[in-house]
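Novice: based on what follows, work out the 3D shape:
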Amino acid sequence: MTIMTTGRYRTSWCWDVLLYTSLLNSLFPCAGSFKVTVPAVHLVAARHHTVVLGCEFTPDPGHNLSNLVVTWQRQEDSRVVHSFYYLKDQLERQDSYYQNRTALFYTELGKGNASLRITDVRPGDAGRYQCMVSAHGGTDRAELQLDYGAFYTEPRLSISFSRTEVKMEYEAEGFPMPEVEWLGTQGQNLSHNTEIFERVDQEKGLLYLKSSCVAHTHALNVTFVLKNQLLNQDLQRHVSFSSDGGSSNGAVIVLAVICSLLCCFAVLLAWFYWHKKK
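Specialist: Numbering: from 1, shown residues only. Model (predicted):
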């Protein structure tokens, strides 16, 4: 039996097997119900980490895998993420984006576990996935949503000041856009004196964040807060800064160094003059 598919679906031997199995199950239903389920319909994966897309099905009492067909595909465009039938992976049907990054738990297939492991998570892995299983007991499918995130790097602090104000700035990379706050000594929100700059690198799947806070004093005590809600990441960095005493001491030191250099320069000129005259 050959079934041709048209439009955005390409003709595939894999789909012939799935559709043929589905047709047999509809004509000759087995006693008992066959069900495919996903333990979690919403998952979150972190950049460069590994994620397991859970999928369970009603196992064959005899653990017979000869008729088992497992297919993971993307819902948005029907790309094949991973397929298994004839007791082996059918990697020639796999979309190139997932090559060398997916695997089933083969020893668990007989127990009804069709979960898929995806390694080295990338931004393009985010989306909707469908787990379709056909076995002796029937055919069913289930869907889940996978979201992508990246843990923010350790914030890098820089401080600059003038006669009238101090500017503190933190930079970090992660994904998605986090919640950012600057808090005063009593926990008050200083957002009225802050600025945020962001830029997204689509290829790397990172958002570049720069947040600054301006204080019109040379003595301050603040806390920078960054929360990546998607990955439950909470960073808090305390900044205590005073430039009054430091600025005057620094000026004295600089002046002393300049005077020393001028004195050395004068001595050298005198020596050259004396040497030349002699």
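
Novice: list the contacts for residue 230?
Specialist: 44, 147, 149, 176 (CB atoms under 8 Å, 6 or more residues apart in numbering). The C-beta positions use only the backbone N, C-alpha and C, and glycine is treated the same way.

Novice: just the buried members of these?
Specialist: By neighbour count, with 16 or more other CB atoms under 10 Å, the contacts of residue 230 hold 44, 149 as buried.

Novice: mind putting the contacts of residue 230 into TSV with secondary structure and pLDDT?
Specialist: Below are the contacts of residue 230 laid out as TSV (DSSP: H, G, I helix; E, B strand; the rest coil; pLDDT from 0 to 100):
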residue	secondary structure	pLDDT
44	strand	98
147	strand	98
149	strand	97
176	coil	96
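
Novice: which regions of this protein sit below the pLDDT cut-off?
Specialist: For the chain, the stretches with pLDDT under 70 are 1-32, 218-219, 243-278.

Novice: domain map for it?
Specialist: Under the assignment automatic domain parsing, the domains of the chain span 13-148, 156-245.

Novice: now, of these, which is deepest in the fold?
Specialist: domain 13-148 (a mean of 17; mean count of other CB atoms under 10 Å).

Novice: which residues in the stretch 101-250 of the chain form helices?
Specialist: With DSSP state H, counting those that start in this stretch as the criterion, the stretch 101-250 of the chain has helices at 244-277.

Novice: now the strands for it?
Specialist: Listed in chain order, the strands of the stretch 101-250 of the chain (DSSP state E, counting those that start in this stretch) span 102-104, 116-118, 127-135, 138-149, 156-161, 166-174, 179-183, 194-201, 206-215, 219-228, 233-242.

Novice: do you know how far residue 100 is from residue 145?
Specialist: According to CB to CB, to the nearest Å, residue 100 stands 24 Å off from residue 145.

Novice: ah, wrong one, I meant residue 96
Specialist: Counting by CB to CB - residue 96 and residue 145 are separated by 23 Å.

Novice: residue 57 now?
Specialist: 20 Å.

Novice: got it, and residue 204?
Specialist: Residue 204 is 23 Å from residue 145, by CB to CB.

Novice: about what we covered before: reformat the contacts of residue 230 as CSV; add distance to residue 216.
Specialist: Output for those, formatted as CSV (distance: CB to CB, whole Å):
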residue, distance to residue 216
44, 41
147, 41
149, 37
176, 33
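
Novice: which single one of the contacts of residue 230 is nearest to residue 228?
Specialist: residue 149 (6.7 Å; CB to CB).

Novice: for the closest residue to residue 51 other than its chain neighbours, give me its contacts.
Specialist: Spatial nearest neighbour of residue 51, chain neighbours left out: residue 45 (3.8 Å); criterion: CB to CB, 6 or more residues apart in numbering. The contact partners of residue 45, by CB under 8 Å, 6+ apart, come to 51, 118, 121, 125, 126, 146, 147, 148, 149.

Novice: centre of the chain to stretch 220-234, how far?
Specialist: Averaging C-alpha positions (CA atoms, centre = their mean, to the nearest Å) puts stretch 220-234 17 Å from its chain's average.

Novice: kindly check the end-to-end length of that stretch for me.
Specialist: 23 Å (CA to CA, to the nearest Å).

Novice: I'd say residue 79 and residue 93 touch.
Specialist: No: Residue 79 is beyond contact range of residue 93, at 10.1 Å (criterion: CB atoms under 8 Å).

Novice: returning to that earlier point: quick one: which of the strands of the stretch 101-250 of the chain is nearest residue 62?
Specialist: Short answer: strand 127-135, nearest of those by CB to CB, at 11.1 Å.

Novice: who touches that closest one?
Specialist: With CB under 8 Å, 6+ apart as the criterion, strand 127-135 contacts 17-18, 21-22, 25, 34, 36, 38, 53, 55, 57-60, 67-76, 81, 114, 116, 139-146.

Novice: next one: residue 187 from residue 221, what distance?
Specialist: 12 Å.

Novice: surely residue 198 and residue 208 touch.
Specialist: Yes: under the criterion of CB under 8 Å, residue 198 makes contact with residue 208 at 6.7 Å.

Novice: which ones are touching residue 55?
Specialist: Counting by CB under 8 Å, 6+ apart, residue 55 has contacts 36, 37, 38, 72, 113, 114, 115, 116, 131, 133, 142.
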